[in-house]
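Enquirer: coords please:
(4 chains, ligands or ions: 5)
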Amino acid sequence: MTTTSPDITGITRRKVQVQNNFERRAFLFMRVSGIALLFLAVGHMMIQHVLNSSTNLSIIFVAEQWNSWGWKVYDMLLLGFAYLHGMNGFRNVLEDYIHNRSAIKIINIFLAVFAVITIIWAGYAIAAFNPEAAIQAVGG
Amino acid sequence: MSNLVLTIRESIRYRGRSGHWSWVAHRISGLAILLFLTIHVWDTANAHFAPNVYQWSVDVFKWPPVAIGEIPLMAAVLYHAFNGIRISILDYKPELWKHQKKSTQITWGLFLIIFVPIGIYMAYEMVHYWQELGDAWMKFPRLSDY
Amino acid sequence: MANVKVHEFDAVIVGAGGAGLMAALYAGETANVAVLSKLYPTRSHTGAAQGGVGAALANMEEDSWEWHAYDTVKGSDYLADQDAVDVLCKEAIPTIIELEHMGLPFDRFPNGKISQRRFGGHTNKDTGKPVMRACHAADRTGHMILQTLYQQCIKKKVNFFDEYHVVDLIRVDDTVRGVVAIEIATGEFHIFRSKAVMFATGGWGRCWQVTSNAHSLTGDGAAICLRRGIPLEDMEFFQFHPTGIFKLGILITEGVRGEGGVLINGKGERFMETYAPNIKDLASRDVVSRAIYLEVKAGRGVNGKNYVHLDITPETVNYYYEKDGEDRRIDREYIEAKLPDIADFTRTYLGVDPVTEPMPVQPTAHYAMGGIPTDADGRVLLDAQNKVLPGMYAAGEAACVSVHGANRLGTNSLTDLVVFGRLAGQDMAKYCQDAELLPLPEGAADEVMAAFDRLLNSSGGVKMVDVRSKMQKSMTEGVSVFRTDETISTTLAELKALREEYQQVEIQDKGKIFNSDLLEAWELGCLLELAEVTAVSAAARPESRGAHARDDFPERNDDEWLKHTLCHKTGEGEYELDYKPVTLGRYEPKPRVY
Amino acid sequence: MQVNLRIRRFNPEKDSKAYWGEFNLNDVDPTDTVLDVLNRVKWEIDGTLSLRRSCAHGVCGSDALRINGSNALACKTLVKRLGSGDSVKIQVEPILGLPVIKDLIVDMEPFMAHYREVLPYFINDSEPPENGRERLQSQEDRMRFDDTTKCILCACCTSSCPSFWANGQYVGPAAIVQAHRFIFDSRDEGAEERLAVVGDAFGVWRCRTNFNCTSACPRDIEVTEAIAQVKKVLTTGEI
Ligand SMILES: Cc1cc2nc3c(=O)[nH]c(=O)nc-3n(C[C@H](O)[C@H](O)[C@H](O)COP(=O)(O)OP(=O)(O)OC[C@H]3O[C@@H](n4cnc5c(N)ncnc54)[C@H](O)[C@@H]3O)c2cc1C
Ligand code: HEM
Ligand code: SF4
Ligand code: F3S
Ligand code: FES
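Expert: Ligands and ions are numbered 1, 2, ... in the order given. The predicted structure is shown next:
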């Protein structure tokens, strides 16, 4: 008799094969870097603009900060995450409006190259920064 | 290109609700930060490559019409950060999207609570600094002076 | 015919509701099929069906297809053909299982099987108690059926011609050669040449003022058949559902009264106590509709208007429970849980919260029991001798198999669609294998094109909306829940005048692209004709049976009138009635008491 | 009450550009729907006005329009909800992002093409149960995709989405809702094929959680939530 058939309950979980394409990784990166930036970028803003008013910003101030590798690494991380995050965001925005496949390809290459150059250039500047030399150069 | 025009025009004309305006604000703030960041990064690199240029640009950033921009920048970073975290959390727990209206309200609330005092403080500091400068407060720094 | 595009298919199915799509799936297995629909398929009115689809699956309690058949025959007031009813109820079981295999998301019992619930008129024959037979997916069963069938059609790559309005059937003597359609987006005429044609175009509730039917339910298929020499069967039987939302006609399911809701007139009285002392508000659809009508007529409508209140507020319901000595009580949560969709409808359209306020309701024109006569394989029949018109098929509400007789049981229409849609599709496929594609007659589309030309260029200055409103008003007054010789004759006279007036309807839109002005006017022509057939058929039946309630002949008369009406069109405004016997079987006609 | 109606008009046989048509109606019942009002214009004033409609109570999905700036079904929008007092201004436009054919009618084909892209049908090639009966499913499994079965393909959502306005190649929320309905059905075996479509560059990643879709959905489907669930399947590999 049908009424006696046992109850079945619960949710069936299934594993599926998904492709790990660029968009998927970009999506995850935006979220991971976002969380990192919550500390890095907001922290940076607070330190630079609230705790230290930018009105007394000068190369001396920079020199003091980049005297320690701790701050150098902090700023390099901030630079890397923020720039890649921002550039990927910019790519998202551009891809919304530019539909020509080859045009978007060229633009993306340009964005990537520009991002890499920027990060290397500024990263190198942070790493190689020599406080004394800089202060001397401006005659301070 | 007509899609660009259409999207921008209709994004403003469309009578969306909280989620729509969050998206507009998130996109604008993200792009604005990126614009500033690009300038800022290349400029800061000068501290190593051309310290005198850097010294000049620091003063350009203190020139009132530019300096004022710091406050909206702060707003953009704070808003974008909070909203970005909101999106990340809701995407991680999709069932929370049911509460998007509330989550948006919390985000705006948090943003205002944190940004308003900071903004006022920043403005106060700025005005104070200009007062100290006296007559020279609006003078645009010239690169040749550095 | 220079500007008419000709397409060729094995079979052409007109209508993409539950019946049309089901047929397309099955016919499409071997035949090259085209489905033509004036709406996007998923917009067909099958999607509006709420309650459930009947099949004796016995998933929770004992049931059998014979019991289902008994209920159907009894519900039909014994006018249904019992051989067809057997097919309906027996085939319902495998067909519903097949729908499940197509992915239809039925609700489930805790044991994982398709969930079923009780519905008016469905009983256990041994005990006479209600039985859980209505398979359902929430309150959206029709929607799920429509979506699932459309999805499967996409999977099977069925050829759809969406927004093609069929306007004529190409019939040469006793053969069919295809149909003529207008591509709505361009206004161009197309001929679809085929071996077989099926009409599954749904009902014609728009003949009446207040209806649960969509704007698009204008009975095109039935009207075209009528014009092409096919009779229409049992047209006097049109079901009025007692509780439609006032003015709008949107259906409020019987479930509201099942949960304790009561009908209250303008004087605050629970009037069903006088009309059906035993089961009161849960009397059958035709009885309740008639009661509401009589209350309003006696001036006891709410605010003197033509509606009454359906009250499901806990205070009222509990008051009557107490008065009737019942232990049950209901509260807000209960209503919200049991009737979410109804609550949404009344909140949206009336701003009425059913938990705190009564809902204004009136009978609403709901379902055509009659239509294009067919056998159980969907083949269209030409006369009382059941002569088949080869290659011509009909299914769904447009067709009359007849399994609903004089009054359809709730849930049986959806069953009808899928069961006979499937059988007709299969038969069509078989037919197409042997049949030849016959040549088109000379100027196959000329006649209907000329008619459209006349319609487009008429300059009489009459507004279509006026003609339509007058027809709807006249039908509502003369041929609705109640009719007498007098009301029907008045309506017939008015319809005759309207037929003249219709010739003077002036179309404002003279363009080709999406000329809905023109198409609506053409649809009005169909409605007018079906209204007239309904009235003519009703006038000739001096008895009360099911939905056909004659004030002047209140009794059922099995000796003389246990037979189907066939109405032939013999000329403009000229109709000839013929009758054919009802196929009886296991269940002998007896008085209908619940 | 009085209604001042502004309708976006365009007749390709006559006009080179769309324009606003103005109509004033008296004696409008506040509980009339926008569809009733548009029908009155069509039937009593200007028969050339074109729009789609059928069921008139929000279940067929024919009359998605942009009403006073945002998307809704005309037949589910009451006049009184657009304003109070003696006179109400109503502005009606076709939905965005799909080509306008005439007046309020848009070409639905791009929308339907995206719908078909996600394989919107049940896929299960294994044999059904031997006893010839239904496949079993627990009530919990059934509820997982209940919300997305309600979709009536009205396009209110997709045509409210800025990502879709910007780029019509985006499959759009309605198609993702359909994909969700099958991906989360425990009986279905086509999840991976569908995930390949919606996981593509023009799939779910284009959704910027703008939420217009959810606000516009006349069936109260949690569209954004459904999209987020699909995104989550794509990131975790688990349904
Ligand atoms: C509100 C409501 C609730 C209901 N609830 C239930 C219920 O719970 N249980 C139940 O069993 N029944 C119910 N019914 C009845 C049932 O839903 C209908 O009888 C059934 O859906 C009709 O299906 P169909 O396939 O015959 O036609 P429809 O679904 O009406 O489809 C008609 C098709 O024909 C097409 N068409 C029409 N004319 C033309 C033309 N000239 N050219 C081209 N195409 C054309 C249309 O585009 C459409 O695709 C309900 C009905 C209503 C109105
Ligand atoms: C401070 C912490 C930050 C967090 C938590 C954060 C988070 C996010 C997230 C989650 C997204 C994806 C949104 C989506 O997919 O809908 C995003 C997009 C974006 N972010 Fe950030 N972000 C932060 C900082 C930044 C910074 C510093 C920049 C600039 C360099 C930036 C620029 C952008 C841009 C341009 C986008 C794309 C916007 C769009 O697609 O509309 N973000 N951010
Ligand atoms: S998800 Fe909602 S808005 Fe989108 S098409 Fe379906 S019913 Fe319409
Ligand atoms: S509006 Fe568009 S961006 Fe996502 S949440 Fe809805 S699809
Ligand atoms: S007319 Fe059917 S949804 Fe509005």
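Enquirer: Going by C-alpha atoms from here, please, whenever you check contacts or count neighbours.
Expert: Fine.
Enquirer: in chain A, which ranges drop under the pLDDT threshold?
Expert: The model of chain A has pLDDT under 70 over residues A:1-4, A:139-140.
Enquirer: Residue nearest the middle of it, spatially speaking?
Expert: Residue closest to the mean C-alpha point of chain A, counted by C-alpha atoms, centre = their mean, is A:Phe81 at 2.1 Å.
Enquirer: does it really touch A:Leu37, like I thought?
Expert: Yes - assessed by C-alpha atoms under 8 Å, A:Phe81 is found in contact with A:Leu37 at 7.0 Å.
Enquirer: re the thing from before, give the contact list for the residue nearest to the centre of chain A.
Expert: A:Ser33, A:Ala36, A:Leu37 (C-alpha atoms under 8 Å, 6 or more residues apart in numbering or on different chains).
Enquirer: do the same with C:Ala406
Expert: Contacts of C:Ala406 (C-alpha under 8 Å, 6+ apart): C:75-80, C:234, C:237-238, C:369, C:545-548.
Enquirer: tell me the helices in chain D, going along the chain?
Expert: Along chain D, counting by DSSP state H, helices occupy D:34-40, D:109-117, D:139-144, D:162-166, D:172-183, D:191-198, D:212-216, D:223-236.
Enquirer: quick one: the last one near chain B?
Expert: Pointing back at helix D:223-236 there. Yes - judged by C-alpha under 8 Å from any C-alpha of the partner chain, helix D:223-236 comes into contact with chain B at D:Thr224, D:Glu225, D:Ala226, D:Ala228, D:Gln229, D:Lys231, D:Lys232.
Enquirer: Assign a three-state SS to the closest residue to ligand 3 within chain B, would you?
Expert: Per C-alpha to the nearest ligand atom, the residue of chain B with the smallest distance to ligand 3 is B:Gly16, at 14.2 Å. What DSSP: H, G, I helix; E, B strand; the rest coil gives for B:Gly16 is coil.
Enquirer: Which pLDDT value belongs to it?
Expert: Looking at B:Gly16, its pLDDT reads 88.
Enquirer: what's the nearest residue to it if we skip its chain neighbours?
Expert: D:Asn212 (6.0 Å; C-alpha to C-alpha, 6 or more residues apart in numbering or on different chains).
Enquirer: how close does that neighbour sit to D:Pro218?
Expert: Separation of D:Asn212 from D:Pro218 (C-alpha to C-alpha, to the nearest Å): 12 Å.
Enquirer: More neighbours: those two, which one.
Expert: Neighbour count, other C-alpha atoms under 10 Å in any protein chain shown: between D:Asn212 and D:Pro218, D:Asn212 has more, with 28 against 24.
Enquirer: what sits against A:Ile126?
Expert: A:Trp66, A:Lys72, A:Asp75, A:Met76, B:Ala45, B:His48.
Enquirer: I should have written D:Arg206 there, sorry.
Expert: Counted by C-alpha under 8 Å, 6+ apart, D:Arg206 has contacts D:Ser163, D:Tyr170.
Enquirer: tell me the contacts of the spatially most central residue of chain D?
Expert: Nearest residue to the geometric centre of chain D (C-alpha atoms, centre = their mean): D:Ala155, 2.4 Å. For D:Ala155, the contact set (C-alpha under 8 Å, 6+ apart) comprises D:Gly61, D:Ala64, D:Phe111, D:Ala174.
Enquirer: Could I get the full set of strands for chain D?
Expert: Per DSSP state E, chain D carries strands over the ranges D:2-9, D:19-25, D:64-67, D:70-73, D:87-93, D:100-102, D:105-106.
Enquirer: before we move on, what about chain A?
Expert: With DSSP E as the criterion, chain A has no strands.
Enquirer: Can you get me a residue count around the residue in it that ligand 3 sits nearest to?
Expert: Nearest to ligand 3 in chain A, going by C-alpha to the nearest ligand atom, is A:Asp96, at a distance of 20.7 Å. For A:Asp96, the neighbour count with other C-alpha under 10 Å is 23.
Enquirer: okay but C:Leu456 is in contact with C:Asp517, surely?
Expert: No - using C-alpha under 8 Å, C:Leu456 is not in contact with C:Asp517; the gap is 9.3 Å.
Enquirer: Overlap of the contact sets of those two?
Expert: Shared contacts of C:Leu456 and C:Asp517 (C-alpha under 8 Å, 6+ apart): C:Ile507.
Enquirer: got the phi/psi numbers for the residue nearest in space to the middle of chain C?
Expert: What sits nearest the mean C-alpha location of chain C, by C-alpha atoms, centre = their mean, is C:Tyr367, with 3.4 Å. According to degrees, to the nearest 10, the main-chain angles of C:Tyr367 amount to phi -150, psi 140.
Enquirer: Kindly report the same for C:Gly54.
Expert: Main-chain dihedrals, C:Gly54, degrees, to the nearest 10: phi -80, psi 130.
Enquirer: For the helix or strand hosting B:Met126, list every residue counted as buried.
Expert: Counting by DSSP states H and E, the element that carries B:Met126 is helix B:100-133. Neighbour counts over helix B:100-133 (16 or more other C-alpha atoms under 10 Å in any protein chain shown) mark B:100, B:103-104, B:107-108, B:111-112, B:115, B:118-119, B:121-123, B:125-126, B:129-130 as buried.
Enquirer: pLDDT of stretch C:382-389, averaged?
Expert: 96.
Enquirer: Contacts for it next, please.
Expert: With C-alpha under 8 Å, 6+ apart as the test, stretch C:382-389 has contacts from C:174-176, C:229-231, C:373, C:379-381, C:566, C:578-580.
Enquirer: Weed out the non-buried ones from these.
Expert: Looking at these with 16+ other C-alpha under 10 Å, the buried ones turn out to be C:Val176, C:Ile230, C:Pro231, C:Pro373, C:Arg379, C:Val380, C:Leu381, C:Leu566, C:Asp578, C:Tyr579.
Enquirer: Looking at the residues you listed, which are in strands?
Expert: Filtering these for membership in strands, criterion DSSP E, returns C:Val176, C:Pro373, C:Arg379, C:Val380, C:Leu381, C:Leu566, C:Asp578, C:Tyr579.
Enquirer: Out of these, the closest to chain D would be?
Expert: C:Pro373 (26.4 Å; C-alpha to the nearest C-alpha).
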